[in-house]
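Dropping the sequence and predicted coords here.
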Amino acid sequence: MNQRNKKIRLAKFYGYVSDPLITTVVLRLRGTELRQTIADDRMFLFLWNDAEKNYVWLSIQGLDNAGNVLYEQELQ
């Protein structure tokens, strides 16, 4: 987490997807989830202002085209 000032505290979660069957990455958080479609570079990046939304990470999931969970890692 990078703190620039008291109003903005940039949080990020990022990675690379090596499984070609995974087309979507879901970061599950307490109360919500962030979702990103995987492009040709196979990278994902989630950014948010932690000063406004203090998320608790639950898990990261990799989904196929049909929405089936192919990969999941608990983060707590």
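Cool, got the structure. Numbers count the residues shown, from 1 in each chain.

List the buried residues in stretch 30-38.
By neighbour count with 16 or more other Cβ atoms under 10 Å, stretch 30-38 contains the buried residues 34, 38. From N, CA and C alone the C-beta is placed, and that goes for glycine too.

meant to ask about stretch 15-25, not that
17, 22-25.

Just the residues contacting it, thanks.
By Cβ atoms under 8 Å, 6 or more residues apart in numbering, the surrounding residues in contact with stretch 15-25 are 35-38, 42-44, 60-65, 67, 70-71.

Most widely separated two among these?
M43 and G67 (20.8 Å; Cβ to Cβ).

The two: who's more crowded?
Set M43 next to G67 and count neighbours by other Cβ atoms under 10 Å: M43 wins out with 13 against 9.

can you tell me how far the closest residue to that one other than its chain neighbours sits from L34?
Of all residues not flanking M43 in the chain, Y16 sits nearest, at 5.6 Å (Cβ to Cβ, 6 or more residues apart in numbering). Separation of Y16 from L34 (Cβ to Cβ, to the nearest Å): 17 Å.

I'd like the average pLDDT over stretch 37-51.
Mean pLDDT, stretch 37-51: 93.

before we move on, back to that, out of the buried residues of stretch 15-25, which comes closest to L10?
Set against L10, the nearest of those by Cβ to Cβ is V25 (19.3 Å).

Name every strand pairing with the host helix or strand of that closest one and say which way it goes.
For V25, the enclosing helix or strand under DSSP states H and E is strand 24-29. Here strand 24-29 has these sheet partners by DSSP bridges: strand 32-37 (antiparallel), strand 57-63 (antiparallel).

Following the chain past the shortest one, name the next helix or strand.
Towards the C-terminus, the helix or strand next in line after strand 32-37, according to DSSP H and E, is strand 43-49.

Ok, the last one next?
The element immediately downstream of strand 57-63 (helix or strand, assigned by DSSP H and E) is strand 69-74.

Within its sheet, name the partner strands of that next one and how each one runs.
Within its sheet, strand 69-74 is paired with strand 57-63 (antiparallel), according to DSSP bridges.
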